[in-house]
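Participant: please find the sequence and the predicted model below.
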Amino acid sequence: RTMRITRCFFCSSPCYPGHGVMFVRNDSKTFRFCRPKCHKAFQKKRNPRKVRWTKAFRKAAGKEMAVDTTFDFERRRNMPARYDREIMGSTIRAMQRVAEVQKKRHERFYNERMKARLSIQKLRDKVDIAENIDLV
């Protein structure tokens, strides 16, 4: 059997079996929380997109990739598949390949994001030198 690792409703971090809290609403909608911090924030009706430490904020602010084809492989599937050694081996190889591709794309995304920051930093440095020329 495999462990079902769910996502925290508030911060989207992994929620392992036996950890965290599950809140079930009257309409039987379930909410899993990884830690009391997330549960408290949910009870206070905080919006995850406005709380700076959540995945939702990072994606909404453009700090993490929001759209990528590699995310389709991480989708949850409810249909159990019959065990086959060949399929399992090819799946593991595919998972490793997807992880490599995802890592390269994350690095490229980060570097593109930092290019804009670098030009702004150079401009600030020039202004600092111009204002404090006596220190140089």
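Facilitator: That came through, no problem.
Participant: please make it C-alpha for all contacts and neighbour counts, starting now.
Facilitator: Noted.
Participant: tell me where the longest helix sits in the protein.
Facilitator: Longest helix in the chain, counting residues (DSSP state H): helix 85-131.
Participant: and it, average pLDDT?
Facilitator: Helix 85-131 carries an average pLDDT of 90.
Participant: for that helix, name the packing helices and strands.
Facilitator: Packed against helix 85-131, as judged by 3 or more Cα pairs under 8 Å, 6 or more residues apart in numbering; DSSP states H and E, are no other helices or strands.
Participant: centre of the chain to it, how far?
Facilitator: Distance of helix 85-131 from its chain centroid, counting by Cα atoms, centre = their mean, to the nearest Å, is 14 Å.
Participant: run through the residues that contact residue 13.
Facilitator: Residues in contact with residue 13 (Cα atoms under 8 Å, 6 or more residues apart in numbering) are 7, 34, 55.
Participant: let me fix that: residue 8
Facilitator: Taking Cα under 8 Å, 6+ apart as the test, what residue 8 contacts is 14, 15, 31, 32, 33, 34.
Participant: highest neighbour count among the contacts of residue 13?
Facilitator: residue 34 (22 neighbours; other Cα atoms under 10 Å).
Participant: per-residue confidence at that residue?
Facilitator: So, for residue 34, pLDDT stands at 96.
Participant: find the nearest non-adjacent residue to it, please.
Facilitator: Using Cα to Cα, 6 or more residues apart in numbering and skipping residues adjacent in sequence, the residue nearest residue 34 is residue 20, 4.4 Å away.
Participant: surely that neighbour touches residue 37?
Facilitator: No: using Cα atoms under 8 Å as the test, residue 20 is too far from residue 37 to be in contact (10.3 Å).
Participant: look at the two and report which has more neighbours.
Facilitator: residue 20 (15 against 11).
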